[in-house]
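# With the input below, show me the fold.
(2 chains)
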Amino acid sequence: MRGLFRFSQVLSTDVAADDPFAAALAQEPIKGRSLWADAWHRVLRNRAAVTSGIVMLVMVMLVIFGPMLSEWSGDYTDWDHTSSPPNLETGHWFGTDAVGRDIFVRTLQGGRISLLVGVVATLVSLVIGVSYGAIAGYYGGTTDRLMMRAVDIIYALPFMFFVILLMVVFGRHILLIFVAIGAVNWLDMARIVRGQTLGLKNTEYVEAARACGVGHWAIIRRHIVPNLIGVVIVYVTLTIPQVILVESFLSFLGLGVQEPMSSWGALVNDGAQDMESAPWTLAFPAAFLTITLYCFNYIGDGLRDALDPKDKS
Amino acid sequence: MIQEDIVRHGISRLMGLVPTLLMLITIAFFLIRVAPGGPFDSEKPLPPEIRANLDAKYHLDEPLIQQYFRYLGQILVLDFGPSYQYKDWTVNELIARGFPVSLTIGALAMVLAFVLGTLIGITAALRQNSWVDYGAMGFAMLGMSIPNFVIAPALILLLAVNAGWLPAGGWDWSIQRMVLPVITLALPVIAYIARLTRGSMIEVLHSNYIRTARSKGLPKRIVIGRHALKPALLPVISYMGPATAGLITGSVIVEQIYSIPGIGSYFVQGALNRDYTLVMGVVIFYGVIIIVLNFIVDMLYAWLNPRIRYDEGR
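Residues are numbered from 1 along each chain as shown, chains lettered A, B, ... in the order given. Modelled structure (predicted):
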C-alpha cells in the first residue's frame, strides 16, 4: 500500500518535469474540465482574440494612467505651440490642436469617456434586455408573444434617429447618453436571451433534472444560467463596440458629450475640421477609436467561437 | 401549402405595420414636443402679437393632443405640413428635393456592397484558412470597425486633398462626386456581407447535397453557382433590411461630411433648429422605408427558403 502511494507520487513528479499537461491530468485524475475551463482553453487558442485582449488591457491602462505621464493637462492652452506636430522635446507627443491643447492627453481623456459610455450603456442594455428576454422566454405563451411582438415593433423603428432626438430634446448630459444608448440597444439582447431561455427550458437535461425532482431554482442556477451567461458575455463584448460607435457618432455630429469633456468621436470631429493643416489631430483619436473597436470585435468573435455550445468542433 | 403559409404570415405582418407606424409617429411627435425651446425662438424674442399669430397659423396654440390628432389626419393624406425653418418650403417639397440624392447614393452603395461583399465572402469560403481567407476577413473586420466618419475624412485627405483625383465634396450629379460618398457608405456593409457570406457558404459547402453534387463529377463552377449560391445567400437577403437601416443612418453622417443636399442633412439641421415638421417628416419617411423594406425582405426570405415555417409561432 505504502509502496504504491510512493510510486504514484514519483510518477506524477516525473511526468511534471517534461509535460505540464500530463502533470495536471495526473494531479487531478477525476475532476473533468468545466464548461468554462473548456471555453477558456478555446479562447486562448484564438490568437487574434488573445492579442486583442492584451491590446485592450494596455489601452485601458493607458486611458486611466496615461494622462498622468504627460506634463500637460487636457484643458491647458499652450500658446507657444498651437497646431504643432508631434514632438518629443516639447512633451506634446501627439502634437497640439489649433488652440494649443495637448492631443496625447485629450485623446486619452476622450478615451475614458468613450470606454465609460461603452461599458455603462452596455450594462443598461444588459439589465433591460436580460430581464425582458428571460421573463418572456420563461413564461412563454401569450406573455411571450405579446412581449416579443412589442420588440418587433420597436425593432422596426429607425432607432438612431430616436437617439438623436433624445439628445436634442433632453440636452447632452453624459447620464442621458448612457440611458439613451442603452435604452435603444437592449432589443437584440432581449431576443437572444429569450430564444436561449426558450430552448433551454425544453432540453433533455433540464427535463431529466426535473424528473429527478430538482427544484426550479436549482435548475435555473445549474442549467439555465450557465448556458445563458456564455451568450450574454459574447453579446456584451459585441455590444460595447457598437455603443462606443453610437456615442462617437453622436459626438461627431456635435450631439454627444460637451466641452470641456471630450470623447473620441468629438475629437475626430475636431480633427476633421483642420485635417489639412494638422492631420495629427485627426489621426491619433481616429486610430485609438478604430483600434478599440477592432479589438472588441475580435474579442467578441473569439468568445463567440469559444462559448457557442452549438459549435464544438 | 407552404405558399398558403407565407401568405398568411404576410397578412399578419402587414397588420403589424400599422401599430409600428403609429408608434413611430407617436413617439417622434411627443418626444420633440416636450423639448424645451420652439421653432420660433431666436436671440431677440418676437413681439407677442406676431408670436401669437405664428402660433395660431401653425396651430401651435391648440392643446397638444389636438395637435397630435390634427397631425395624424395630415399624415393620412400624406401631407407633412410646412417647414418652420425653410420658409416657403413644405416638408413634402424638401423631401422630394433631397430624396433623389439620398436614394442615388444609397442604392449605389447597396449594389456595390452586395456585389463586392458576396464576391469577397465566396472567395474566402472557397479558400478557407488560406492567406486569402485571413486577408479578406481581416479586411472585413477593419471595414466593420472603422467608423464612416473616420473613413470619410481619411479618403478626402488622401484622394481629394493630397492626390487631387476627386472632388472633396459638394453635389452636381456627376460620377466623380459620387465615388467617395458611395465608398464610405458601402464599406461597413461590404464587410458585414462578406463575413455573412463566408460563414453561410462554408456551412453549405459541408452539406450532404453539395458532397453529392461533387461526387457526381459536376464541375466546381456549377456546384457553386447552381447549388451552393442560393442557400448561401439567404442570410445576406435577410440582412438587407438592417443594411438599409444602416445605410440610411450612415447617410446622415456621409451627407454632412461631403456636404450633399440629401435628407440626412435636413434631419440633423432640423433637429438642431427644432423644425418639428421637418424632423417628423424625415423620421416618418425613413421609418416607412425601413419598415416596408423589412417586410419585403421577410417575404422574399420566406419565398426563397423552403424550410421556413411560420405557423409554429416564432
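# which SS class is residue 86?
Assuming you mean chain A. For A:P86, the assignment made with DSSP: H, G, I helix; E, B strand; the rest coil gives coil.
# My question was about chain B, not that one.
Applying three-state DSSP: B:Y86 is coil.
# Does the closest residue to it other than its chain neighbours lie in a helix or a strand, and which?
Distances taken as Cβ to Cβ, 6 or more residues apart in numbering or on different chains put B:L94 closest to B:Y86, at 6.2 Å, once the chain neighbours are dropped. Quick note: C-beta positions are derived from backbone N, CA and C, even for glycine. Under the criterion of DSSP states H and E, B:L94 resides in helix B:91-126.
# so what does the helix or strand just after that helix touch, helix or strand wise?
Per DSSP H and E, the first helix or strand lying C-terminal to helix B:91-126 is helix B:131-145. Helix B:131-145 is packed against helix A:280-307, helix B:91-126, helix B:175-205, with contacts defined by 3 or more Cβ pairs under 8 Å, 6 or more residues apart in numbering or on different chains; DSSP states H and E.
# who wins for proximity to A:F170 among the ones you listed?
Closest approach to A:F170 among the helices and strands packed on helix B:131-145 is made by helix B:91-126 (23.9 Å; Cβ to Cβ).
# Please compute how far that closest one lies from its chain's middle.
9 Å (Cα atoms, centre = their mean, to the nearest Å).
# Report the inter-axis angle for it versus helix B:175-205.
If you take axes from the mean of the first three to the mean of the last three Cα atoms, to 10 degrees, helix B:91-126 sits at 50 degrees to helix B:175-205.
# Pull the number of nearby residues for B:M15.
9 (other Cβ atoms under 10 Å in any protein chain shown).
# buried ones in the helix or strand hosting it?
If you go by DSSP H and E, B:M15 is part of helix B:2-33. For helix B:2-33, a neighbour-count test (16 or more other Cβ atoms under 10 Å in any protein chain shown) marks B:6, B:9-10, B:13, B:16-17, B:20-21, B:23-25, B:27-29, B:31-33 as buried.
# With stretch B:228-244 instead?
Buried residues in stretch B:228-244 (16+ other Cβ under 10 Å): B:228, B:231-244.
# What score does A:E28 have for pLDDT?
Listed pLDDT for A:E28 reads 55.
# Check B:I193 too.
Reading off the model, B:I193 has pLDDT 91.
# next one: B:L185
90.
# Likewise for the one 4 residues further on?
B:V189 carries a pLDDT score of 91 in this model.
# Distance check, it against B:Y84.
34 Å (Cβ to Cβ, to the nearest Å).
# Over to A:A150?
Look at A:A150 and B:Y84: by Cβ to Cβ, they are 33 Å apart.
# Then B:V297?
From B:V297 across to B:Y84, the span is 35 Å (Cβ to Cβ).
# So the two - more neighbours on which side?
Comparing B:V297 with B:Y84 by other Cβ under 10 Å, the one with more neighbours is B:Y84, at 22 against 18.
# so the more buried one touches B:V279, yeah?
No. If you go by Cβ atoms under 8 Å, B:Y84 and B:V279 don't touch, sitting 9.9 Å apart.
# So which bits of the stretch 1-150 of chain A are right by chain B?
Within the stretch 1-150 of chain A, the positions lying close to chain B (Cβ under 8 Å from any Cβ of the partner chain) are A:145, A:148-149.
# Select only the buried ones of the residues you listed in ChimeraX?
In ChimeraX, this line selects whichever of these come out buried by 16+ other Cβ under 10 Å:
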select /A:148
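# so where's the stretch 51-200 of chain A shaky on pLDDT?
A:83, A:156-158, A:171-172 (pLDDT under 70).
# try the stretch 1-150 of chain B
Ranges of the stretch 1-150 of chain B meeting pLDDT under 70: B:1-3, B:35-44.
# and it, which residues reach chain A?
B:16, B:19-20, B:23-24, B:27-28, B:31-32, B:34-35, B:141-142, B:144-147, B:149-150.
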